[in-house]
Structure formats: C-alpha cells, structure tokens
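J.: Based on what follows, work out the 3D shape:
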Amino acid sequence: MIPKTFKEVIDLGDGRTISIETGKLAKQAHGSVVVQMGDAMLLCTVVSSYKESKLDFFPLTVDYREKFAAAGRYPGGFFKREARPSDGEVLVMRIVDRVLRPLFPSDYKTETQVMIQLMSHDEEVMPDALAGLAASAAIQLSDVPFETAISEARVGRINGEFVINPSRSQLAESDIDMIIGASADSVMMVEGEMKEISEEEMADAIKFAHEAIKEQIAAQHRLADAFGRKPVREYPEAKSDEAIESKVRDAAYQKIYDIAKGGHSKRDRGEAFSAVKEEVLALFSEEELEENKDLIKKYFNKTEKEAVRELTLAEGLRLDGRKTDEIRPIWTEIDYLPSVHGSAIFTRGETQALATVTLGTSREANMIDMPTHQGEETFYLHYNFPPFCTGEAYPLRGTSRREIGHGNLAQRGLKNMIPEDCPYTVRIVSEVLESNGSSSMATVCAGTMALMDAGIQMKKPVSGIAMGLISDGDRFAVLSDILGDEDHLGDMDFKVTGTADGITACQMDIKVKGLPYEILVKALKQAREGRLHILDKLAETISEPNASVKPHAPKMEKVEIPQEFIGAVIGPGGKVIQEMQKETGTTIVIEEIDEMGVIEILGVNQEMIDEVKKRIKAITFKPEVGSVYEVKVIKVLDFGAVVEYMNAKGNEVLLHVSELAWERTENVTDVVNVGDVLDVKYFGMDPKTRKPKVSRKALLEKPEGYTPRPPRDSNRDSGRRDNRGRDDRSRGGDRDRNKRNDRN
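T.: Have a look, this model is predicted:
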C-alpha cells in the first residue's frame with residue numbers, strides 16, 4: 001500500500017522552490033522529513049529515547065552526512081565506503097547544533113539524535129543551507145519538547161542584490177556568504193564571510209535572510225498541522241526548591257559581586273568563587289547535601305551569573321576590572337621560531353596563540369573530496385586547542401569539532417586578503433598556548449603577522465575580536481574582548497574579523513529574544529573600534545609584509561610553456577624532470593591550465609631555480625624563421641658541426657658543412673672548432689632532410705665572382721651520409737660518372 005504523504009512547498013520567488021515532505025520514508029523515527037530543492041534531497045530524522053536519563057547534561061547529537069551515491073560517485077579509500085565525517089560535514093553539524101540546542105528545555109536530559117543525510121545532489125544547490133530547515137521540520141513532527149520552530153538560510157549579494165540560497169557558481173560572484181539561523185521572532189545564529197562590507201550592510205543581509213526564514217517556518221507549521229501534531233511527551237521536570245534558592249542567594253550574591261568587582265585574574269577569581277561555594281555548602285547539613293547537592297550548585301551558578309551581569313549593567317565594570325569597551329593588554333612578536341617560514345606570537349590578556357606559516361607548491365594544496373564539492377585549497381588554516389592552554393588535563397581524542405569550527409572561522413577571515421597571484425600553497429597552523437576568551441580571534445591576529453613575516457604580500461592586515469552582550473530588557477551593555485566566563489554569562493557572543501575597511505568574517509550566537517537591529521549595529525560598530533585598536537598594535541610589530549621570503553624559505557617561480565612541450569619537460573618515464581630535481585635540489589610541479597603548461601619551481605637556492613628555468617627554456621626553445629641566433633660549437637663531424645643555441649643551452653642543431661662558408665670547405669675544422677661561438681641564421685625545416693636548417697654563410701658577404709662549387713672529390717665523398725644517415729644520392733651519381741671516365 002502506498003503510504004499517505006504530506007507536502008508543503010516554499011516559493012523563493014525566482015522560479016526556485018523548496019519542498020518539505022513526510023509520510024513516505026523512515027516512519028519508525030519519531031520525526032522524519034525529506035527536504036528537496038531542485039534535485040537535491042535531504043532526509044532528516046529525529047529520535048529521542050524514552051528511557052529516563054540520569055545524566056546532568058543534554059546528550060544531543062546532530063549528525064550530517066553526504067552520501068557519495070547522491071552525486072553518482074564512489075568514496076575514496078580502500079574500503080570504498082563512507083567513514084569519518086569530513087571537515088565540511090562537521091561544519092554543517094555545528095551550524096545546525098548551535099541553533100537547535102538552546103531551544104530544548106534546560107531540564108530535558110534524554111538522549112536525542114538528529115540525523116541529516118544528503119540522498120540526492122544537485123550541482124546548483126548547496127545543501128548545507130537546507131539542513132537547519134530539515135532538522136526543525138522533523139522535530140515539529142515528533143513529540144520531542146522543543147520551544148519553537150526554526151530554520152536556516154544562506155544569503156549572498158550579487159551586483160548589489162541579495163539572494164537567498166545562491167548556488168556555488170553564484171557565490172563565486174558574491175561579496176557575502178552568510179548562513180543565518182532564526183526563529184520567527186529572533187535571529188539566533190550568524191556565520192559567514194564577506195569581502196570588507198560595512199556593519200549596516202551586514203545587518204541588512206541578516207534582515208533579508210530572516211524574512212525568508214519566516215516563510216520556511218510557516219511552511220513547517222502547515223505541514224505539522226496537516227500531518228497531525230503529536231502531544232509533547234512528558235518527562236521528569238527538574239527539581240526545584242525556593243527555600244534553598246533563597247538561602248544560597250542570600251549567602252553568596254554580595255560576596256560574588258565584590259569578588260567580581262575586584263578585577264582579579266582568572267585563577268585568583270576562580271579560587272575566590274570556589275571558596276564562596278564551599279562556604280555556601282557548609283551552611284547545609286550532611287543529609288541536605290546528600291539530597292540536594294546538585295540543586296545547591298545549580299543555584300550557586302545562577303547567583304554567580306546574576307551578580308556578574310548586574311555588576312556590568314549597573315556599574316559598567318567587568319570581571320577583570322575593565323570597562324565595557326576596553327581591550328586587554330596586547331603584546332606581539334614575529335620571527336620567533338628560527339627554522340619555520342613565518343611565525344608570530346599574539347598575546348591578549350590571558351589568551352595566546354603561536355602561528356606558523358609553511359610555504360609549498362600546488363602539490364601541498366588541501367584536497368577537498370566531498371559528494372557536493374571537489375577541489376583544492378591553496379590557503380588553509382589549522383587550529384589546535386591542547387588541554388594545557390586552559391590548565392586542564394584530559395585525553396586527546398583527535399581533532400575536535402570545536403577545533404575544526406574555530407579554524408574554519410579564522411581561515412575565512414584571512415583568505416580573501418591573500419593575493420590572487422600568490423604562487424605558493426600557504427598553510428597556517430595556530431597553536432593555542434593560553435585561552436581565556438576568543439583564541440580563534442587571537443589566531444586571526446597571529447596568522448596575519450605570521451603571513452607578513454613569511455613575506456606573503458597580503459592585501460591588507462586583518463584583526464579579530466570577540467564581543468559580548470548583556471541585557472535585562474531595559475538595560476544593555478556591549479562588551480569588547482570578552483573573557484571565557486563572560487562568554488557563557490552573556491546574552492550574545494559574536495566574533496568579527498576585518499580590515500580597516502570592512503568585515504571579512506563573523507560568527508554570532510544570540511541568546512536574547514528579539515534583539516533589536518539597532519543594538520546589533522551598535523555592537524558591530526563597537527567591534528570595529530576594537531578591531532582598529534588591535535590593528536594598530538599589530539602594526540607596531542610589523543606594519544607591512546616583508547619584501548621577500550626568508551633566506552631558508554623556499555622561493556617559488558612559475559614558468560608557462562606551450563602544451564606541446566609538457567611531455568618533453570617530463571621526459572620518458574619522468575626521466576628529464578626527475579634529473580632536474582635531483583641535480584638542482586628543487587621541487588618541480590607541472591599542471592595543465594587553459595591549454596598551457598604551468599611549471600612551478602620551488603627551491604631554497606635561487607641559482608638552482610635559475611638553472612631549472614634555463615633547462616626548461618632550452619627544451620621549449622623554438623627558433624623563428626629568418627632570425628639570427630648566437631650558437632656554440634659543441635661537436636665537430638665530417639659533414640658539419642653540431643651547435644647549441646647560446647640562449648637555450650641543450651638545444652642542438654646541425655650546421656652542415658655546406659653552410660659554413662661560400663667557399664668549398666674541405667675540412668670543417670678549417671672554419672670552426674669545438675668551443676667557437678658564432679652567429680647563424682635559421683631557415684626553418686629543410687624539406688629534403690626534414691631537419692632544422694641553419695646557415696653561417698648566409699650572414700657572410702658573397703665573394704665577387706662567386707660561382708657554385710663543383711662536385712666534391714669522389715674519394716672524400718665515398719661512403720658519406722647525409723644528416724639523415726642515408727647515402728647522398730646526388731653525389732653518388734657524380735661518383736658513378738667519374739668511375740666510368742677513369743675506365744675509359
């Protein structure tokens with residue numbers, strides 16, 4: 001029996017549509033939808049366990065996978081099946097998770113899994129922009145408690161016009177690439193990159209995307225109503241006790257307020273807060289602690305949050321004693337690591353990043369192999385966040401999703417400032433050595449300086465800053481350069497990177513509902529002031545890129561050759577190119593681009609790079625008919641001299657004895673010897689010999705009374721072969737006639 005399906009269609013207004021369908025697939029999941037745009041289809045399911053959980057956190061898993069079959073491709077690797085998620089898939093998981101997680105009830109602790117799978121791919125549709133819509137729609141069809149429907153949309157701007165969910169080809173022309181997540185009432189998440197846009201332009205893009213999101217949410221409600229909404233499941237509500245809450249607050253609030261006002265360091269402040277917590281716990285009996293310890297700690301954390309927020313709203317002061325727009329002290333250093341190609345340290349307060357730059361050929365490009373996108377990155381950034389940077393010790397489990405996300409943000413902030421003609425593949429690695437607030441933005445700053453230290457001619461330097469917002473509805477405070485503690489205590493945290501002329505990347509998580517756009521723009525402008533302050537600090541250490549790479553760093557030069565010579569440069573079995581690399585100590589990479597061969601030559605020694613260029617020039621040298629060239633004699637034969645072009649050594653040609661001089665030449669050495677340098681004229685391919693023809697005599701004045709020379713002596717000519725290795729038949733005919741005359 002064909003199952004009954006329910007479907008809603010969203011019209012994007014330009015001939016494109018998005019459909020949401022349920023009832024056909026994965027019906028045992030608690031909620032299941034298929035979202036389709038063009039030929040792209042996402043299957044999203046949600047399942048939440050009915051077993052009572054004893055966890056003290058919400059175990060939500062958001063998983064996004066792109067099936068290779070969706071694009072008619074095979075997975076790479078030996079086993080030919082999908083395995084661990086790619087960085088691109090992890091980034092999609094993060095942008096969906098960040099919007100969904102805050103909307104589940106704070107006391108809901110049941111194992112919940114949202115799985116999104118790309119089942120069919122369309123080259124003109126970027127599926128990551130549909131993942132949030134699919135996740136929310138599936139939840140709306142389930143009985144899982146969830147505050148409100150949400151959706152996500154990508155916004156681009158092409159020729160000054162905003163576009164919702166542009167294709168990859170459209171994005172190549174866009175100066176904005178942002179994904180916005182929102183409910184019908186509030187923007188909740190923003191992430192993307194821009195090409196130096198203003199704060200007002202960014203706010204306009206968010207508004208435009210929010211209007212499209214409202215339509216997507218309305219479609220979810222229509223689908224859920226048509227399908228039949230399920231009653232929200234019952235679950236154990238969090239325990240509460242007003243008497244305990246009041247007791248904790250009365251005992252701790254003022255003490256916490258005073259400590260927060262003292263401007264202590266992270267460690268001292270933490271120790272002071274812990275001492276107050278112990279005092280609060282001491283107010284309860286052993287029986288009360290055994291029964292209510294978790295509740296007491298919860299109320300203590302709540303009191304701490306209230307006290308710190310009130311200090312900022314009432315007095316404009318922060319945990320470390322700064323004013324709301326004050327940046328922590330900054331110190332920087334470049335060229336710290338002597339053997340790397342570029343390095344820099346950026347330290348801001350208790351956050352420190354050490355960035356290194358490595359230069360390579362296109363062979364070192366970061367290969368992207370996803371069902372929806374194949375290509376390579378010649379600029380990429382890796383971010384490492386070891387446990388010691390926060391004074392902790394825990395097992396290392398490989399690269400975390402957080403490290404991938406923070407590294408991607410820093411990479412997006414910097415990449416548009418790398419010049420298009422940069423010959424290198426550039427890799428930045430950021431090692432976070434201390435962290436108390438926005439190590440990703442410290443990575444951007446350290447990365448900028450390391451690039452300039454490495455001699456990469458950045459268009460403009462980039463800095464980054466993390467901002468926060470605290471609001472109680474009537475009052476609000478925008479915080480510049482937030483601490484780690486301020487990150488989770490505030491109502492909004494956002495990171496902005498940019499040059500002196502505009503924003504290059506951003507990442508926002510907004511927790512306050514209905515944030516006015518006026519406050520958002522104010523926060524962005526305050527962030528700009530902070531960015532400019534940090535840029536000035538960077539300029540004190542390095543104001544412009546070094547003119548060249550370091551002496552021990554590889555130099556890169558590119559040579560273009562006609563496509564027809566690629567095989568000659570490589571040689572049979574790669575012999576020619578391998579010998580060049582071995583003898584010169586260089587790395588040579590050849591690519592075919594637009595019917596030309598592009599040769600990258602990477603080496604530390606400039607003389608060896610020049611030697612490779614000379615050899616390539618010799619291999620690809622193509623003389624022009626009628627031109628005169630300087631040549632050198634490298635070998636003398638009975639029938640001529642082998643010469644090589646001086647401007648293309650290694651490229652040889654035969655100068656026939658008959659072209660040495662107007663007079664008859666008995667011995668080649670009467671005219672030239674090995675090592676002689678002379679000029680010759682190039683006549684192109686000789687139709688008789690099918691070999692290139694050059695002449696010395698063509699450049700000499702013809703003697704007066706010159707007559708063509710008689711046939712050469714038959715004895716000297718006996719057995720002579722032309723330059724094709726065959727008998728000279730015309731002279732052979734003369735020899736036959738001479739022999740007949742002798743017999744007579």
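
J.: Quick check: which ranges of the stretch 101-250 of the chain have low pLDDT?
T.: Across the stretch 101-250 of the chain, nothing is flagged by pLDDT under 70.

J.: can we see that at 90?
T.: Along the stretch 101-250 of the chain, segments meeting pLDDT under 90 span 106-107, 168, 235-241.

J.: Quick one: the strands in it, in order.
T.: With DSSP state E, counting those that start in this stretch as the definition, the stretch 101-250 of the chain shows strands at residue ranges 112-120, 150-158, 161-164, 176-183, 187-197.

J.: Setting the sequence-adjacent residues aside, check what's closest to the spatially most central residue of the chain.
T.: Among the residues of the chain, the smallest C-alpha distance to the mean C-alpha position (CA atoms, centre = their mean) belongs to residue 380, namely 4.3 Å. Computed as CB to CB, 6 or more residues apart in numbering, the closest residue to residue 380 that is not its neighbour in sequence is residue 366, at 4.4 Å. The way it works is simple: take the backbone N, C-alpha and C, and place the C-beta from them, glycine included.

J.: ditto for residue 566
T.: Spatially, and ignoring its direct neighbours in sequence, residue 566 is nearest to residue 597 (4.3 Å; CB to CB, 6+ apart).

J.: so what's the one you found up against?
T.: Going by CB atoms under 8 Å, 6 or more residues apart in numbering, residue 597 touches 560, 561, 562, 563, 565, 566, 569, 590, 591.

J.: Just the CA atoms of stretch 542-557, as PDB, please.
T.: Extracted C-alpha coordinates of stretch 542-557, given in PDB (Å, rounded to 0.1, in the frame of the first residue of the first chain):
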ATOM      1  CA  ILE A 542      55.000  44.600  11.700                       C
ATOM      2  CA  SER A 543      53.300  47.200   9.600                       C
ATOM      3  CA  GLU A 544      53.700  45.600   6.100                       C
ATOM      4  CA  PRO A 545      54.700  42.300   4.700                       C
ATOM      5  CA  ASN A 546      58.400  41.500   4.400                       C
ATOM      6  CA  ALA A 547      59.600  42.200   0.900                       C
ATOM      7  CA  SER A 548      60.700  38.600   0.300                       C
ATOM      8  CA  VAL A 549      60.600  35.200   1.900                       C
ATOM      9  CA  LYS A 550      63.200  34.200   4.500                       C
ATOM     10  CA  PRO A 551      66.600  33.000   3.200                       C
ATOM     11  CA  HIS A 552      65.900  29.500   4.400                       C
ATOM     12  CA  ALA A 553      62.300  29.500   3.000                       C
ATOM     13  CA  PRO A 554      61.700  28.100  -0.500                       C
ATOM     14  CA  LYS A 555      61.400  30.600  -3.400                       C
ATOM     15  CA  MET A 556      58.700  29.900  -5.900                       C
ATOM     16  CA  GLU A 557      58.700  30.800  -9.600                       C
END
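
J.: picking up where we left off before, kindly confirm my reading that the residue nearest to residue 566 is in a strand.
T.: Yes. Following the definition DSSP: H, G, I helix; E, B strand; the rest coil, residue 597 is counted among the residues of a strand.

J.: what pairs with it across the strands?
T.: In this structure, residue 597 has beta-bridge partners residue 561, residue 592, where bridges are defined by DSSP bridges.

J.: Next one: it from residue 623, what distance?
T.: When distance is defined by CB to CB, to the nearest Å, residue 597 is 20 Å away from residue 623.

J.: Go ahead and list the helix or strand containing residue 273.
T.: Secondary-structure assignment from DSSP states H and E places residue 273 in helix 266-281.

J.: counting contacts, what elements does that helix pack onto?
T.: helix 242-261, helix 286-315, helix 484-489 (3 or more CB pairs under 8 Å, 6 or more residues apart in numbering; DSSP states H and E).

J.: again, only this time at 7 Å
T.: helix 242-261, helix 286-315 (3 or more CB pairs under 7 Å, 6 or more residues apart in numbering; DSSP states H and E).

J.: what distance separates that helix from the middle of the whole chain?
T.: On the basis of CA atoms, centre = their mean, to the nearest Å, helix 266-281 sits 42 Å off its chain's mean C-alpha point.

J.: That one: which residues count as buried?
T.: Of the residues in helix 266-281, those buried under the neighbour-count criterion (16 or more other CB atoms under 10 Å) are 266, 269, 272, 273, 276, 277, 280.

J.: For residue 590, see how far away the residue nearest to residue 566 is.
T.: The value you get for residue 597 to residue 590, if CB to CB is used, is 6 Å.

J.: what do these two both touch?
T.: Common contacts of residue 597 and residue 590 (CB atoms under 7 Å, 6 or more residues apart in numbering): residue 566.

J.: any idea where the helices of the stretch 351-500 of the chain begin and end?
T.: Counting by DSSP state H, counting those that start in this stretch, one finds helices in the stretch 351-500 of the chain at the ranges 401-415, 439-453, 484-489.

J.: Would you mind finding the most buried of those?
T.: Mean neighbour count, computed with mean count of other CB atoms under 10 Å, is highest for helix 439-453 among these, reaching a mean of 30.

J.: Sketch out the helices for the stretch 601-744 of the chain, chain order is fine.
T.: Taking DSSP H, counting those that start in this stretch as the test, the helices found in the stretch 601-744 of the chain are 606-620, 714-717, 729-743.

J.: returning to that earlier point: got a pLDDT number for the residue nearest to residue 566?
T.: pLDDT, residue 597: 91.

J.: could you measure it against residue 620, distance?
T.: Separation of residue 597 from residue 620 (CB to CB) stands at 9 Å.

J.: Report the set of residues contacting both of these two.
T.: Overlap between the contact sets of residue 597 and residue 620, as judged by CB under 7 Å, 6+ apart, is given by 561, 565.

J.: For stretch 179-188, buried residues please.
T.: 179, 180, 181, 182, 183, 184, 187, 188.

J.: just those now: which is nearest residue 289?
T.: Nearest to residue 289 out of these is residue 188 (CB to CB; 37.5 Å).

J.: That closest one: what's it in contact with?
T.: When contacts are counted by CB under 7 Å, 6+ apart, residue 188 is found next to 99, 150, 181, 182, 510.

J.: would you list the residues you listed in CSV and tack on distance to residue 336?
T.: Supplementary listing: those in CSV, determined by distance: CB to CB, whole Å:
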residue, distance to residue 336
99, 39
150, 45
181, 39
182, 43
510, 37
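
J.: From the residues you listed, pick the one nearest residue 217.
T.: Among those, and counting by CB to CB, the member closest to residue 217 is residue 150, at 7.0 Å.

J.: so how many other residues sit close to that closest one?
T.: The tally of other residues near residue 150 (other CB atoms under 10 Å) stands at 29.

J.: Likewise for the one 10 residues further on?
T.: Residue neighbour count, defined by other CB under 10 Å, stands at 6 for residue 160.

J.: same thing with residue 217?
T.: Under the neighbour criterion other CB under 10 Å, residue 217 is assigned a count of 23.

J.: Please apply the same query to residue 390.
T.: Residue 390 has 16 nearby residues by other CB under 10 Å.

J.: State the distance from it to residue 381.
T.: Distance, residue 390 to residue 381, by CB to CB: 21 Å.

J.: And for residue 673?
T.: In this structure, residue 673 and residue 381 are separated by 61 Å, where distance is defined by CB to CB.

J.: who's more crowded, the two?
T.: residue 381 (26 against 11).

J.: What residues are bridge-paired with the more buried one?
T.: In this structure, residue 381 has the following beta-bridge partners (DSSP bridges): residue 428.

J.: Test my guess that it contacts residue 407.
T.: Yes. Proximity of residue 381 to residue 407 meets the contact threshold set by CB atoms under 7 Å, at 5.4 Å.

J.: Lovely, talk soon.
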